[in-house]
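> The sequence isn't on hand, but the structure is:
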């Protein structure tokens, strides 16, 4: 079926509410709905393919809702048209809309890119510190919680690439000729991450609104540590939410818990030794020298309390290292390779963080920044490009 | 090193031509005619998620995806398949998008030439070995007895618990054909269509 609007017969975005050829019985109401989308997009347009796709999808869904006489969700608002939009199968939409189905190519995007993205109007975002005395749980947080019919899969929190990687080939994020190789990193999609796993080297946190950030939280507690850490052990404290609290030198239980909240998942950590990357846990740095962990473990006082099992040893070594830096200001000759900033993984619902005194917007922003930094500092392509600069 | 689909997320210690992720994924993409500038890489995320689920549940089944733009959807299904099956594929064609009209042409040409071309031999191998076979271009075929029988035989060969087969078809009313086996083919497509 040929479409009314195509790349050769485009419709101006700003006049969709007036000129879009729809059945007269829905024209008035649809014009009103589309007009609210246009108003919103004019204030937030970032010019990216993913954003345009999102806009087109919302426009088509609104048309579909009127054509198919399906009511819009009660919590859908004209002021935030992208939120709470029903998930309708695209083929079904195409079927109902027929020749008036819109695509990104069929629209003449006569809108200017907005440099700074305003916070979404539905979300309170004025808190500045990490730990306000009385954190406010925003309406969006509550909505997020209410919408938790399907539990967030643990895979959404992974650091590794999404199962189906996507990128915009027309927008290289960085490109450089290095020797015989033209090294290119394309802007990954979705440009606004829908889950923590989508965050990539190219993610730009400044383009994310508060509601985008809130979407990154899982809707339930996700166990990010090794399974054995969630089984009570003799001689060690246990917290029902965080699992085993390892005794780490003279640090308090609260300090260890805080460390677990900051670094809930310790993934692929390494350090450089003789220009080679070695597993961070395989060695311990003692008096500026790297020694084989297994060779010295039995001689350490802590070995009386912590089982000689790989997961416990790993956690002890990394957490002690991080806490020595944080609380004692120690520096190491063989630091972790790449960055490891706090809150790399958000493993609790936003409301749980808020209960513990965290500013959930700022925390989610830290998560994005930590992940971007984690990936940028380890990316072999980016390292090569930067080394050649 | 270049044009790797994982570059934006990669944290490997080095990037070189021996990286399995690069080699195995690139090989499968190439086998399925998906170039780095393909539309699948910026396809509608909702469509991707839908076809990802279908691919995830493909093992041991024959499924028919009804689509208007069959080429585009077959490419998306193939990409979802590549993402699921690249790991450990050791440069074997574990995912193959069979353009049925081309395959049938090759079979008929082999009769005229009295020998199989290399392309046909490879197609036969991939049809019988791919973990996920996508069958597309069926809207470019006039289904008479030979075409119907060839496709039905092929589907029968694929009927193994470790294999998945997905036909990407237009509405069955739009498929052109006639003859004794045509109804049988339509019945198979309708029975296996994903609602």
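Great, that's in hand. It should be emphasised that the depicted structure is a prediction, and the values quoted were computed from it without experimental measurement.

> alpha carbons only for contacts and neighbour counts from here, please
OK.

> by contact count, what packs against the worst-scoring helix or strand of chain B on mean pLDDT?
Sorted by mean pLDDT, DSSP states H and E, the helices and strands of chain B end with helix B:45-56, the least confident at a mean of 92. The contact analysis (3 or more CA pairs under 8 Å, 6 or more residues apart in numbering or on different chains; DSSP states H and E) places helix B:45-56 against helix B:70-85.

> ok, residues contacting the helix it packs on?
Outside helix B:70-85, the residues that touch it by CA atoms under 8 Å, 6 or more residues apart in numbering or on different chains are A:163-164, B:25, B:28-29, B:32, B:34, B:40, B:43, B:48, B:51-52, B:55-56, B:67, B:94-97, B:131-132, B:134-137, B:168-170.

> Now find how far off-centre it is within its chain.
Distance, stretch centre to chain centre, for helix B:70-85: 7 Å (CA atoms, centre = their mean, to the nearest Å).

> Next secondary structure element downstream of that helix?
strand B:95-99 (DSSP states H and E).

> Write out the residues of chain B neighbouring chain A.
B:1-3, B:5-15, B:36-37, B:40-42, B:44, B:46-47, B:67, B:80, B:83-84 (CA under 8 Å from any CA of the partner chain).

> residues of the least confident helix or strand of chain B that come out buried?
B:45, B:48, B:51-52, B:54-55 (16 or more other CA atoms under 10 Å in any protein chain shown).

> Report the angle between that helix and helix B:70-85.
Between helix B:45-56 and helix B:70-85, the angle comes out at 60 degrees (axes from the mean of the first three to the mean of the last three CA atoms, to 10 degrees).

> Other residues contacting helix B:45-56?
Contacts for helix B:45-56 (CA under 8 Å, 6+ apart): A:89-90, B:76-77, B:80-81, B:84.

> show me what contacts the residue in the stretch 151-300 of chain A that chain B sits nearest to?
Here the residue of the stretch 151-300 of chain A nearest chain B is residue A:166; by CA to the nearest CA that distance is 4.7 Å. Contacts for residue A:166 (CA under 8 Å, 6+ apart) come out as A:188-190, B:5, B:40-42.

> For residue B:124, see how far away it is.
31 Å (CA to CA, to the nearest Å).

> so for the strand or helix carrying residue A:29, what's the average pLDDT?
For residue A:29, the host element (DSSP H and E) is helix A:24-44. On average, the pLDDT along helix A:24-44 is 83.

> repeat for stretch A:222-239
93.

> and what of stretch A:99-114?
Stretch A:99-114 comes out at a mean pLDDT of 86.

> Kindly report the same for stretch A:178-194.
For stretch A:178-194, the per-residue pLDDT averages 93.

> Ok, stretch B:179-193 next?
95.

> Residues touching it, excluding its own?
With contacts defined as CA under 8 Å, 6+ apart, stretch B:179-193 is touched by B:62-66, B:143-145, B:148-149, B:152, B:172.

> sorry, back to before: report the buried members of the contacts of residue A:166.
Among the contacts of residue A:166, the ones that count as buried by 16+ other CA under 10 Å are A:188-190, B:5, B:40-42.

> which one of those residues sits closest to residue A:25?
Set against residue A:25, the nearest of these by CA to CA is residue B:42 (34.9 Å).

> can you tell me how far the closest one sits from residue B:22?
From residue B:42 to residue B:22 the distance is 19 Å (CA to CA).

> one step back: report the buried members of the residues of chain B next to chain A.
B:1-3, B:5-11, B:14-15, B:36, B:40-42, B:44, B:80, B:83-84.

> In helices, which of the residues you listed appear?
Counting by DSSP state H, those place B:80, B:83-84 in helices.

> Need the residues you listed in TSV (columns: pLDDT).
Below are those laid out as TSV (pLDDT from 0 to 100):
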residue	pLDDT
B:80	97
B:83	97
B:84	96
